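Enquirer: sequence first, predicted coordinates after that:
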Amino acid sequence: MIDCFHPFPDAHYEGNSMMVQITTLIENTVQTRSLKAEHGLSFHIKVGKNSLLFDTGQSDLLLENASKLGIDLTQLDAIVLSHGHYDHTSGLETLLTLAPKARIFLHPGALDSKYVREITGSCRRIGMPLTVSNTLATATDKITFTEKKTEILPGFFATGNIPRVTPFENPEQSFFNDDAATNPDNVPDDQALYFNSREGIVVILGCAHAGVINTLEHISKLTDGKPFYALLGGMHLIKADKTRIDATVEALRKFNFKKIAPAHCTGLLATSIIWTTFVGACDSCSTGTRFTFQI
């Protein structure tokens with residue numbers, strides 16, 4: 001069966017439809033005057049009087065951008081973390097105080113230590129800031145762990161664990177759970193968010209460390225093969241070679257997306273190939289961009 005959608009309380013309807021508004025609060029680029037960009041990602045998702053945040057960027061810059069965009073973060077119902085890297089989690093500490101009713105949804109692996117090995121051979125810590133993980137340790141009553149498909153708000157789901165089955169989507173070799181680079185990290189905490197719009201399934205990616213095709217195959221199974229409509233967010237192809245990018249783009253064809261908005265870690269080469277392959281389907285996902293869907 002297709003996942004059922006249950007209306008939000010006090011939601012705003014237009015005719016027989018309800019509108020979902022997704023705003024990019026943080027992304028690596030910006031095209032809107034007065035807003036600012038940073039390396040990271042954060043999406044605000046609003047349906048009627050309900051709202052959630054998917055990722056929080058690498059600082060509290062999302063608060064400034066939200067204010068300029070007229071978005072009230074104090075009333076968030078939920079905050080979902082796509083994975084435990086600093087550029088998706090560092091804004092959380094401020095939000096825990098600012099949005100007291102928000103529940104936090106994350107995979108338990110997001111709390112693990114995370115490092116990246118540089119070209120020089122040294123390791124750099126890239127996990128969530130200790131201040132954030134320490135704050136979460138004192139807020140366990142607000143946390144829901146998402147190791148499997150989890151409903152965040154009615155009709156909106158986190159994928160939980162994503163099976164790694166696509167041959168060309170190999171884990172990045174430079175990620176580790178220790179600063180000695182002895183314990184490889186394939187980012188098992190990576191997850192996506194999805195919901196069923198009137199046009200088809202909308203998928204929101206953080207970094208797709210599990211592989212964008214793995215992610216879409218998993219969501220297709222979770223939704224019994226319902227057609228896709230839109231794909232937004234980071235695809236982590238920034239370090240991928242041309243062979244993998246081409247394989248990814250070819251595999252994307254079968255999902256028949258009508259809207260694709262590459263962001264953040266997708267990388268310039270992959271983004272340009274996606275834009276030229278799916279002519280007419282691609283949109284910007286820079287800071288301040290707004291997408292509207294009907295459900």
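Expert: Structure's in. What do you need?
Enquirer: for the closest residue in space to Phe105 that isn't next to it in sequence, give the beta-bridge partners.
Expert: The shortest distance from Phe105 to any non-neighbouring residue, by C-beta to C-beta, 6 or more residues apart in numbering, is to Val80 (4.5 Å). Where you see a C-beta, it was placed from the backbone N, CA and C, and this is true even at glycine. Val80 forms beta bridges with Phe54, Phe105, as assigned by DSSP bridges.
Enquirer: surely Val80 and Leu193 touch.
Expert: Yes: between Val80 and Leu193 there is a contact at 5.9 Å, judged by C-beta atoms under 8 Å.
Enquirer: got any residues that touch both of these two?
Expert: 54, 152, 158 (C-beta atoms under 8 Å, 6 or more residues apart in numbering).
Enquirer: report pLDDT for the last one.
Expert: It refers to Ala158. Model confidence at Ala158, given as pLDDT, is 98.
Enquirer: what's the single longest strand in this protein?
Expert: Assignment by DSSP state E gives strand 17-26 as the longest strand of the chain.
Enquirer: after it comes which helix or strand?
Expert: Where DSSP states H and E defines the elements, the next helix or strand beyond strand 17-26 is strand 42-47.
Enquirer: circling back to that earlier point, and which of the shared contacts of Val80 and Leu193 is nearest Cys207?
Expert: For these, the minimum distance to Cys207 (C-beta to C-beta) is 11.8 Å, reached by Phe54.
Enquirer: for Asp87, see how far away the closest one is.
Expert: For Phe54, the distance to Asp87 equals 13 Å [C-beta to C-beta, to the nearest Å].
Enquirer: before we move on, back to that, may I ask which of the shared contacts of Val80 and Leu193 has the most neighbours?
Expert: Among those, Phe54 has the most neighbours (other C-beta atoms under 10 Å), with 28 neighbours.
Enquirer: is it true that that one touches Ile45?
Expert: Yes: here Phe54 reaches Ile45: they are 6.5 Å apart, a contact under C-beta under 8 Å.
Enquirer: overlap of the contact sets of those two?
Expert: Shared contacts of Phe54 and Ile45, defined by C-beta under 8 Å, 6+ apart, comprise 193, 204.
Enquirer: could I get the buried residue list for stretch 258-272?
Expert: 259-267, 270-271 (16 or more other C-beta atoms under 10 Å).
Enquirer: among the residues you listed, which are located in helices?
Expert: Under the assignment DSSP state H, the buried residues of stretch 258-272 contribute 270-271 to helices.
Enquirer: which one of the buried residues of stretch 258-272 is nearest to Gly40?
Expert: Set against Gly40, the nearest of the buried residues of stretch 258-272 by C-beta to C-beta is His264 (7.3 Å).
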